[in-house]
Structures are given as structure tokens and as C-alpha cells.
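J.: coordinates only, sequence not included:
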């Protein structure tokens with residue numbers, strides 16, 4: 001009986017640990033501690049923000065002047081909110 005309880009507790013622990021690991025790894029590129037760490041995730045018409053350590057190399061990239069993304073034409077900016085890089089609308 002004790003063996004069964006130990007195995008059951010171990011399985012629950014592994015399930016919870018795997019769940020936490022999966023969801024924590026998913027947004028690793030968005031972790032921040034300050035607004036200066038957050039930049040647009042893509043070179044043109046970005047829809048979200050990431051930590052600058054995960055930025056793309058945009059040298060030699062040319063973007064259209066179209067205002068289609070939430071960061072285009074000064075519509076929004078990247079900011080560190082609750083330790084994650086997020087888009088904030090400019091008012």
C-alpha cells in the first residue's frame with residue numbers, strides 16, 4: 001500500500017513539474033525586468049514584443065510604410081509588464 005502511494009505522489013509531482021516547465025519555456029523570449037529590454041518581435045509590422053536578446057537581425061531589411069501592426073506609425077510601444085514584454089497602445 002505504501003509503494004502505491006509513493007508511486008502515485010511521484011506521478012503527480014512529475015505531471016505538475018512537466019506542466020510548469022512547458023508553460024514557463026513557452027514565453028522565455030518575453031521575460032524582462034525593464035522596458036529597455038523589450039523590442040518588436042519582427043523587423044516589419046510586428047504584432048508582439050520580445051526580449052532584445054531574442055531579436056532578429058534586421059540589417060538590410062526594408063519595410064513598407066503601411067500602418068498595419070499595433071506598433072506601426074507610433075500606435076503602440078513595447079513595454080515590460082508583469083515581467084513580460086508586451087505591446088502597449090499609445091494614448
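T.: Great, that's in hand. For clarity, every value in this text was computed on a predicted model and none was experimentally measured.
J.: can you pull the phi/psi pair for residue 85?
T.: Phi and psi for residue 85, reported as degrees, to the nearest 10, are phi -70, psi 130.
J.: state the distance from it to residue 56.
T.: Distance from residue 85 to residue 56, counting by CB to CB, to the nearest Å: 14 Å. Just so you know, the C-beta spots here come from the backbone N, C-alpha and C atoms, and that holds for glycine as well.
J.: neighbour count: the two, which is higher?
T.: With other CB atoms under 10 Å as the criterion, residue 85 and residue 56 differ in neighbour count, and residue 85 comes out ahead with 25 against 13.
J.: what pairs with that one across the strands?
T.: Beta-bridge pairing of residue 85 under DSSP bridges involves residue 80.
J.: contacting residues for it?
T.: Contact analysis of residue 85 by CB atoms under 8 Å, 6 or more residues apart in numbering lists 30-32, 37-39, 48-51, 78-79.
J.: please apply the same query to residue 47.
T.: If a contact means CB under 8 Å, 6+ apart, then residue 47 has 41, 69-70, 87 as its contacts.
J.: pretty sure residue 41 is touching residue 58, no?
T.: No: in this structure, residue 41 is not within contact of residue 58 by CB atoms under 8 Å, at 11.1 Å.
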